[in-house]
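Engineer: okay, sequence plus prediction incoming.
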Amino acid sequence: MVKSKGYKEHLADLRETLECTRKHGLKMNPNKCAFGVSAGQFLGFMVHVKGIEIGFLTKPMTTNNQAEYEAILKGLQLLQEVNAESIKKAKSQKQNQTSFQKCTTEKQLLLKKQPGKAASLEVIELGATQIIIPGNFPIGCSPSYLSLFSVSGAGDLDDRGCLKSYNAFAQHHNELLQAAIDGLRKANTDVSIVYADYYGAFMHLLDHASLLGFDQGALLQACCGAGGAYNFHMNMMCGAAGTSVCADPARRVSWDGIHLTQQAYRAIALSLLMEGFAQPADAVQEIWSC
């Protein structure tokens, strides 16, 4: 999806996007593409000139299209990650570590809104009986955060090389989320609500990286980037001129400093299913057995 401020900007953005896809040999189905539209639905969200909304889902909704139904549910399940991503972007606008430490009150307000809980209630009202709500990743281990906020000699790095303060924030977010999930379970005893511990699964990956086939010396480096300690540069993102891709992406954890590689996602998914990082474990196995 390509969204722009105006017509001229949109043409330029489209050209850049299509040139990038052509460069990497990617293809698109023309029957599934739409150009020049001012609004539309995407994964259960309404995207238009004013932004992205989910309010239309509060209306009664029925569908006989299984694919459409699953897409909507998937979109709602991802709302917690969307919320976490918006918080991360807000933090990236901070100028230094000191200003980040001063925004404790702001963080509390953001977390107490609990949009993930509200989205889950909407899904339950739509008739869902099995819901997975993911927590946040340890953002302090992200190459993008390390590149932007790691200060030599500041003492904010843990034994893994991750930012302790940012990981503490992610853990606090997850604690509040789990408390909200407990309330949902008590109020909806006929619904199976699973918490996916992305934080724990990711740390498990780092601690067992060699056994899982990852490059132990490049765990916190992006595969695709423009160089530097973490192979990430905010003004030269993956795909831009001057960036390059590592020789074996399957041995890297981070793809572009923000997103993980397919191999890392696979390892985390297996941890959620088989290593107990999704709770309650019996509910996970019941869903998986289907």
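Structural biologist: Done, it's in.

Engineer: so where's the protein uncertain?
Structural biologist: Residue ranges of the chain with pLDDT under 70: 31-32, 36-119, 153, 285-290.

Engineer: so which bits of stretch 155-164 are buried?
Structural biologist: D156, L157, C162, L163 (16 or more other CB atoms under 10 Å). The way it works is simple: take the backbone N, C-alpha and C, and place the C-beta from them, glycine included.

Engineer: what is the nearest of those to Q221?
Structural biologist: Within those, the smallest distance to Q221 is 12.9 Å, found for C162 (CB to CB).

Engineer: correct me if wrong: that closest one contacts P138.
Structural biologist: Yes. Taking contacts as CB atoms under 8 Å, C162 lies within contact range of P138: 6.2 Å.

Engineer: quick one: end-to-end length of stretch 223-237, please.
Structural biologist: 11 Å (CA to CA, to the nearest Å).

Engineer: what sits up against it?
Structural biologist: With CB atoms under 8 Å, 6 or more residues apart in numbering as the test, stretch 223-237 has contacts from 143-144, 146-148, 150, 220-222, 238-240, 242-246, 249, 252, 254-257, 261.

Engineer: one more time with 6 Å
Structural biologist: 143-144, 146-147, 221-222, 238, 242-243, 245-246, 249, 252, 255-257 (CB atoms under 6 Å, 6 or more residues apart in numbering).

Engineer: narrow these to those in helices?
Structural biologist: P143, S144, L146, S147 (DSSP state H).

Engineer: can you map out the strands along this protein?
Structural biologist: Remark: strands assigned in the chain by DSSP state E are 39-42, 45-48, 51-53, 130-134, 192-196, 224-225, 244-245, 278-279.

Engineer: how many other residues sit next to Q279?
Structural biologist: Residues near Q279, counting by other CB atoms under 10 Å, number 17.

Engineer: ugh, typo on my part, it should be N29
Structural biologist: When counting by other CB under 10 Å, one arrives at 6 neighbours for N29.

Engineer: please apply the same query to M237.
Structural biologist: M237: 17 surrounding residues under other CB under 10 Å.

Engineer: over to K3?
Structural biologist: 13.

Engineer: cool, the one 5 residues further on as well?
Structural biologist: Residues near K8, counting by other CB under 10 Å, number 9.

Engineer: if we can go back for a sec, ranking by neighbours, what's the top pick from the contacts of stretch 223-237?
Structural biologist: In the contacts of stretch 223-237, the most neighbours by other CB under 10 Å go to A222, 32 neighbours.

Engineer: among the ones in helices among the contacts of stretch 223-237, which two are most distant?
Structural biologist: Largest separation among the ones in helices among the contacts of stretch 223-237 by CB to CB: S144 and L146, giving 7.3 Å.

Engineer: and the gap between P143 and R15?
Structural biologist: Distance, P143 to R15, by CB to CB, to the nearest Å: 28 Å.

Engineer: actually M203, not the one I wrote
Structural biologist: Distance, M203 to R15, using CB to CB: 41 Å.

Engineer: between those two, who's got more neighbours?
Structural biologist: Neighbour count, other CB under 10 Å: between M203 and R15, M203 has more, with 19 against 10.

Engineer: tell me which of the ones in helices among the contacts of stretch 223-237 is nearest to D182?
Structural biologist: Lowest distance from D182 to the ones in helices among the contacts of stretch 223-237 (CB to CB) belongs to S144, with 31.8 Å.

Engineer: pretty sure the closest one sits against H259.
Structural biologist: No. Judged on CB atoms under 6 Å, S144 makes no contact with H259 at a distance of 9.8 Å.

Engineer: so what sits against both of these two?
Structural biologist: With CB under 6 Å, 6+ apart applied, the contact sets of S144 and H259 do not overlap.

Engineer: next, count neighbours for the nearest residue to A250 once chain neighbours are set aside.
Structural biologist: Spatial nearest neighbour of A250, excluding adjacent residues (CB to CB, 6 or more residues apart in numbering): Q263 at 4.5 Å. Neighbour count of Q263, defined by other CB under 10 Å: 19.

Engineer: distance of Q263 from C162?
Structural biologist: 20 Å.

Engineer: for E19, same thing?
Structural biologist: The value you get for E19 to C162, if CB to CB is used, is 35 Å.

Engineer: do Y230 as well
Structural biologist: Distance, Y230 to C162, using CB to CB: 11 Å.

Engineer: cool, and L211?
Structural biologist: Here L211 is placed at a distance of 20 Å from C162 (CB to CB).
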